[in-house]
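>>> no sequence for this one, just the structure:
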């Protein structure tokens, strides 16, 4: 019975998403396999040809021909790996990144159109069912076939700024009992960023694990000259233990230092002990504390500071 149901589901779902004629389904010149390779090149932490072959379970000869086609079309560049000169490192060109962005956009539109026919009240049940399928079948796969990429840090896609607001509100309510005042604060921060930010000096990172967002952080300009502010660090409870908090904070520190900020600051509360340890490991020092009542709780606010360098920002 289980085999019959899985085969029936496979037939239903491949037809539903147009897997058998993927390029026509999304109005792109790429097949499903080609699109998957481009996606991995854009989002995977390792892009050696050998890693791509293992990750996507592709025949080496087929992958080589596919990459050769991409190279002729100006989508990728191939060079010896930094780790092992016997391996090939594959990177997207600007044209390749544009092609991948188009694929992402059309895929999101297709899924959005699919969901538009589903009552909104059924969305949580649908997504939870899909997550259950991935978890059960993922655990059942042999070790050599499992996903090896681990968490990925990337830019947000449309809809994920709203996800940041929703998840901050839900996680902090569940873990600390904070009321909707906190979610309102996060919404204002996110709205300000979405409406007006300098992409050269301000940025958001999304942590992705197993194809879904599980964390976030933001770097924005502070009112003080040549100072950046770290905001909205979050790691979903089920994604903790991968070092994502350290990676997200490290990404902000590296970015702020790289664009020339002289100082990085943040504000947090003393009850967030795990986050405070992450900040300490990154080199931040506590510079001020002040009791306050916010979000329906008595808290102690804390200002933390990390000197970066003498920079050229005004």
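That came through, no problem. Not measured: the values here are computed from a predicted model.
>>> quick one: neighbours of residue 169, just the number.
20 (other Cβ atoms under 10 Å). The C-beta positions use only the backbone N, C-alpha and C, and glycine is treated the same way.
>>> correction: the previous question concerned residue 122.
The burial count for residue 122: 11, using other Cβ under 10 Å.
>>> how about residue 253?
Neighbour tally, residue 253, other Cβ under 10 Å: 20.
>>> once you drop chain neighbours, what's closest to it?
Sequence neighbours aside, residue 282 is the residue nearest to residue 253 in space, at 5.8 Å (criterion: Cβ to Cβ, 6 or more residues apart in numbering).
>>> now residue 268
residue 302 (5.4 Å).
>>> is the one you found in a helix, a strand, or coil?
strand (DSSP: H, G, I helix; E, B strand; the rest coil).
>>> isn't the residue nearest to residue 253 up against residue 249?
Yes - at 4.9 Å, residue 282 and residue 249 qualify as touching, with contact defined as Cβ atoms under 8 Å.
>>> of the two, who's got more company?
residue 249 (24 against 18).
>>> which residues touch that one?
Taking Cβ atoms under 8 Å, 6 or more residues apart in numbering as the contact definition, residue 249 lies against 217, 230, 233, 278, 279, 282.
>>> tell me how far residue 67 lies from residue 53.
10 Å (Cβ to Cβ, to the nearest Å).
>>> this structure: strands as residue ranges?
Using DSSP state E, the strands of the chain run over 76-80, 88-92, 152-154, 203-209, 212-221, 227-235, 263-269, 285-294, 297-307.
>>> just send those strands back as a markdown table, with mean neighbour count, distance to residue 162 and mean pLDDT too.
Formatted as a markdown table, the strands of the chain follow (neighbours: other Cβ atoms under 10 Å; distance: least, Cβ to Cβ, whole Å; pLDDT from 0 to 100):
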| stretch | mean neighbour count | distance to residue 162 | mean pLDDT |
| --- | --- | --- | --- |
| strand 76-80 | 14 | 33 | 86 |
| strand 88-92 | 18 | 27 | 84 |
| strand 152-154 | 16 | 17 | 90 |
| strand 203-209 | 21 | 12 | 93 |
| strand 212-221 | 22 | 11 | 95 |
| strand 227-235 | 23 | 13 | 97 |
| strand 263-269 | 19 | 23 | 97 |
| strand 285-294 | 11 | 23 | 96 |
| strand 297-307 | 16 | 25 | 96 |
